[in-house]
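pasting the sequence and the predicted model now:
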Amino acid sequence: GAGVSQSPSNKVTEKGKDVELRCDPISGHTALYWYRQSLGQGLEFLIYFQGNSAPDKSGLPSDRFSAERTGGSVSTLTIQRTQQEDSAVYLCASSLAGYGNTIYFGEGSWLTVV
Amino acid sequence: AQTVTQSQPEMSVQEAETVTLSCTYDTSESNYYLFWYKQPPSRQMILVIRQEAYKQQNATENRFSVNFQKAAKSFSLKISDSQLGDTAMYFCAFFQGGSEKLVFGKGMKLTVNP
C-alpha cells in the first residue's frame, strides 16, 4: 500500500481481555517497528523486526505483550489480559533495510482498557 | 545509552513568525542520524527533516531547517514563516545503529496562533 496501515484505529476493551493490533507496512519495507505512546508522552520503543525475525524485543513491557510478523509483511501485536495501564496509542512504523533509512509511521491504534 | 532531550515542553508563536525548537542528545557514536517528526492532532507521525551526522551541511526542507552542532550534540529545528498547519507536537529522534531503532525525545507542543 501507499502508507503504513494499522487496524483497528480505535479499540475499547475490558480489563482482562486479550487484544490484537495489526500493522501492514509499506510494500517492500523489511524493517518494522512497534512503539507505544501514552497520553501526553513521548514514544516508547516496543519491538523491531527485520524480515520475520525480531532481533530487538527489549522494549516489550511484560510477558503479556508479544508480537509476530509473517511473510515479511503483516505484523500483529498481542496484549494478553489487558490492564488499564496498557491504554495508549500503539504506533507501527516501517522502513527499508539499512542504517538510517527514514522510518514511516502509521496512524496508530488507540487502545482504551476499561 | 543514547538519550534525547527536548527541554521546552510547549511554545506558541504568531503566524508568519520564526520559531526554533531545541533538542540535545547524548551518544558515544560518531556516525548516526537525527530526525524531526511532527505529530498533528490526527496522530500521524510525519517526517519533517533528516540529518546525517557525518554531513556538516545543515539539512533544509522548504520552511524547515536545522542547526546541527555535532560537538555540542545539539540539533535544533527552525520553522520560518510559521503557518497554522504547523500546530502539532514535534519530536526529535536519534537513530541508534546496531540496535536499529529510533530513540525519541518527549516532544514539544507548538501552537501557531492567527
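Arrived safely.

packing partners for the lowest-mean-pLDDT helix or strand in chain A?
Among the secondary structure pieces of chain A, namely its helices and strands, strand A:53-56 has the lowest mean (mean pLDDT, DSSP states H and E), a mean of 86. Contacts defined by 3 or more Cβ pairs under 8 Å, 6 or more residues apart in numbering or on different chains; DSSP states H and E place strand A:53-56 against strand A:43-50. Glycine gets a C-beta too; all of them are placed from N, C-alpha and C.

give me the buried positions along the next helix-or-strand element following the least confident helix or strand of chain A.
Towards the C-terminus, the helix or strand next in line after strand A:53-56, according to DSSP states H and E, is strand A:65-69. Within strand A:65-69, the residues that qualify as buried are A:65, A:67, A:69, counting by 16 or more other Cβ atoms under 10 Å in any protein chain shown.

how much does strand A:65-69 deviate in direction from strand A:43-50?
In terms of direction (axes from the mean of the first three to the mean of the last three Cα atoms, to 10 degrees), strand A:65-69 departs from strand A:43-50 by 40 degrees.

neighbouring strands for the least confident helix or strand of chain A, and are they parallel or not?
Each strand that strand A:53-56 pairs with, and the sense of that pairing, follows from DSSP bridges: strand A:43-50 (antiparallel).

just how off-centre is the partner strand within its chain?
Distance of strand A:43-50 from the chain centroid (Cα atoms, centre = their mean, to the nearest Å) equals 7 Å.

do stretch B:100-114 as well
Per Cα atoms, centre = their mean, the displacement of stretch B:100-114 from the mean C-alpha position of its chain is 7 Å.

give me the distance between the two termini of it.
40 Å (Cα to Cα, to the nearest Å).

buried set for it?
Going through stretch B:100-114 with 16+ other Cβ under 10 Å, the ones that come out buried are B:100-108, B:110, B:112.

which of the residues you listed fall within strands?
Residues from these lying in strands, with DSSP state E as the criterion: B:101-104, B:108, B:110, B:112.

ok, and which of the residues you listed reach chain A?
Filtering those for neighbours of chain A using Cβ under 8 Å from any Cβ of the partner chain leaves B:101-104.

now do the contacts for the residue nearest the centre of chain A.
Within chain A, one residue has its C-alpha closest to the average C-alpha position: by Cα atoms, centre = their mean, that is residue A:34, at 3.4 Å. Under the criterion of Cβ atoms under 8 Å, 6 or more residues apart in numbering or on different chains, the contact partners of residue A:34 comprise A:23, A:46-48, A:67, A:75, A:77, A:90-93.

partner strands of the longest strand that chain B contains, with direction?
Selection of the longest strand in chain B by residue count, based on DSSP E, yields strand B:88-96. Sheet partners assigned to strand B:88-96 using DSSP bridges are listed as strand B:33-39 (antiparallel), strand B:101-104 (antiparallel), strand B:108-113 (antiparallel).

surely residue B:48 meets residue B:61?
Yes: taking Cβ atoms under 8 Å as the contact criterion, residue B:48 and residue B:61 are neighbours in contact, 6.9 Å apart.

the two - which one has more neighbours?
Neighbours of residue B:48 and residue B:61, each counted by other Cβ atoms under 10 Å in any protein chain shown, are more numerous for residue B:48; the result is 23 against 12.
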